[in-house]
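A.B. asks: Sequence below, structure please.
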Amino acid sequence: MTTIAAKEPQPRATRFLLYAEQNYAYGILRPLQAAIRARGGEARWFFAGPEVDPEHLEPGEVKLGDVAAVRAWRPEVVLVPGNMVPSFIPGLKVAVFHGFNVAKAGRSDDRGHFNIRGCFDLYCTHGPGDTQGFARRAAEHGHFRVVETGWPALDPLFRPEMPAGREPDLPARDGRPRILLCSTFTPRLSCAPHLLETVRRLRDTGRWQWLIQFHPKMDPAVVEAYRSLEDDSLSFIETRNILPLLRTSDVMVCDTSSVMLMFLLQHKPVVTFRNQSRGDRSHLLDVTRPEALEGAIEEALSQPAELMGRIGALAGELHPYTDGRSSERVLDAADACLRQGRAGLKAKPRNGLRNLKERRKLGYWKPG
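C.D. replies: Take a look at the predicted model:
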């Protein structure tokens with residue numbers, strides 16, 4: 001009789017640093033923190049700058065106060081929803097991104113999303129669209145790996161039981177279609193000022209339930225103008241946790257904000273106002289005049305087959321994962337990279353100037 005030896009369990013990392021430079025990092029890194037804890041690992045937060053508000057930390061979340069504390073803790077993996085992490089932070093550097101690649105007019109693909117700054121050992125990509133771009137750059141530069149995992153920030157979108165921060169207080173559904181209006185704060189791109197009177201008129205018809213949610217940096221005058229519209233048909237929602245709003249709404253009205261991509265991934269239609277994205281926009285219902293908004297929303301609510309097919313194709317390219325387990329895939333990819341080490345890779349760039357700037361920003365001047 002032949003005995004088959006049981007496979008030895010592969011070693012897993014146990015200490016993960018959650019590296020935050022902006023408040024949006026909370027929503028991206030918390031699903032990863034939940035997955036780390038589920039595996040029996042430890043997560044610590046590090047705030048790389050004053051823009052992160054520690055008041056958003058929740059009970060049980062632990063912050064390391066400075067670089068010396070980080071180095072003493074010796075993280076095995078550093079999870080970064082941004083473009084930069086200095087070499088004097090120990091651990092495998094993993095880029096998990098702060099959002100999707102929105103190709104805006106006047107911007108080349110080599111800016112922003114696809115910039116290679118020589119900081120990372122591993123890029124965990126969202127879907128085939130950005131995997132292909134980073135794979136080409138991996139072949140060109142030779143000093144990092146690329147694994148397609150999906151985006152951890154979306155895990156709670158597809159698994160509502162996952163914690164994603166404080167739940168916003170939403171009005172009860174009453175049978176009417178629910179329209180979510182989101183807008184960027186950038187004046188030249190924002191739809192909010194242009195649509196105010198149209199939204200007021202559509203609210204007055206009582207046909208739909210409106211939810212309004214803006215970027216925290218939105219012009220306060222615009223915020224107050226929309227607040228003044230609140231009634232039984234329109235609610236202004238202040239929250240950093242937009243996922244419940246995405247789940248509960250039937251149609252989104254937006255401009256060029258990347259949040260519309262998160263909505264589309266649910267296979268729900270988006271109406272945009274003067275969208276400035278480059279390339280194919282056939283998955284959007286774009287209008288250029290406020291008076292065209294009502295008809296576009298009606299069309300979106302009807303979910304025409306051709307439009308829904310284009311939305312499905314986009315979702316398959318952008319983020320095909322709907323199981324809510326992208327965080328687990330990121331951790332698996334990090335473990336695999338730790339086991340491989342730097343075998344087959346070139347040395348990362350020294351990044352002397354960037355690291356000097358980071359030392360100045362973080363107040364760390366010791367060797368290492």
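A.B. asks: Sketch out the helices for the stretch 151-300 of the chain, chain order is fine.
C.D. replies: Assigned by DSSP state H, counting those that start in this stretch, the helices in the stretch 151-300 of the chain fall at 155-158, 192-205, 220-227, 243-248, 259-264, 293-302.
A.B. asks: a markdown table please, covering the ones you listed and showing mean neighbour count, distance to residue 45 and mean pLDDT.
C.D. replies: Placement of C-beta: from N, CA and C, glycine included. As requested, the helices of the stretch 151-300 of the chain are exported to a markdown table (neighbours: other C-beta atoms under 10 Å; distance: least, C-beta to C-beta, whole Å; pLDDT from 0 to 100):
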| stretch | mean neighbour count | distance to residue 45 | mean pLDDT |
| --- | --- | --- | --- |
| helix 155-158 | 22 | 18 | 94 |
| helix 192-205 | 16 | 32 | 98 |
| helix 220-227 | 14 | 29 | 96 |
| helix 243-248 | 19 | 20 | 94 |
| helix 259-264 | 23 | 23 | 94 |
| helix 293-302 | 17 | 39 | 98 |
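A.B. asks: For stretch 305-322, buried residues please.
C.D. replies: In terms of neighbour count (16 or more other C-beta atoms under 10 Å), stretch 305-322 has its buried residues at 307, 310, 311, 314, 315, 318, 319, 321, 322.
A.B. asks: Using PDB, write out every CA atom in the strand or helix carrying the fourth one.
C.D. replies: Pointing back at residue 314 there. Assessed by DSSP states H and E, residue 314 sits inside helix 305-318. Once non-C-alpha atoms are left out, helix 305-318 reads as follows in PDB (Å, rounded to 0.1, in the frame of the first residue of the first chain):
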ATOM      1  CA  ALA A 305     -29.800  45.100 -22.800                       C
ATOM      2  CA  GLU A 306     -27.200  46.700 -25.000                       C
ATOM      3  CA  LEU A 307     -26.100  49.100 -22.200                       C
ATOM      4  CA  MET A 308     -26.000  46.300 -19.600                       C
ATOM      5  CA  GLY A 309     -23.900  44.200 -21.900                       C
ATOM      6  CA  ARG A 310     -21.400  47.000 -22.200                       C
ATOM      7  CA  ILE A 311     -21.400  47.400 -18.400                       C
ATOM      8  CA  GLY A 312     -20.800  43.700 -18.000                       C
ATOM      9  CA  ALA A 313     -17.800  43.800 -20.400                       C
ATOM     10  CA  LEU A 314     -16.300  46.700 -18.500                       C
ATOM     11  CA  ALA A 315     -16.700  45.000 -15.200                       C
ATOM     12  CA  GLY A 316     -15.000  41.900 -16.600                       C
ATOM     13  CA  GLU A 317     -12.000  43.900 -17.700                       C
ATOM     14  CA  LEU A 318     -11.800  46.200 -14.700                       C
END
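A.B. asks: which helices and strands does it pack with?
C.D. replies: For helix 305-318, the elements it packs on are helix 128-141, helix 259-264, judged by 3 or more C-beta pairs under 8 Å, 6 or more residues apart in numbering; DSSP states H and E.
A.B. asks: so how far is that helix off the chain centroid?
C.D. replies: Centroid separation between helix 305-318 and its chain, computed with C-alpha atoms, centre = their mean, to the nearest Å, is 20 Å.
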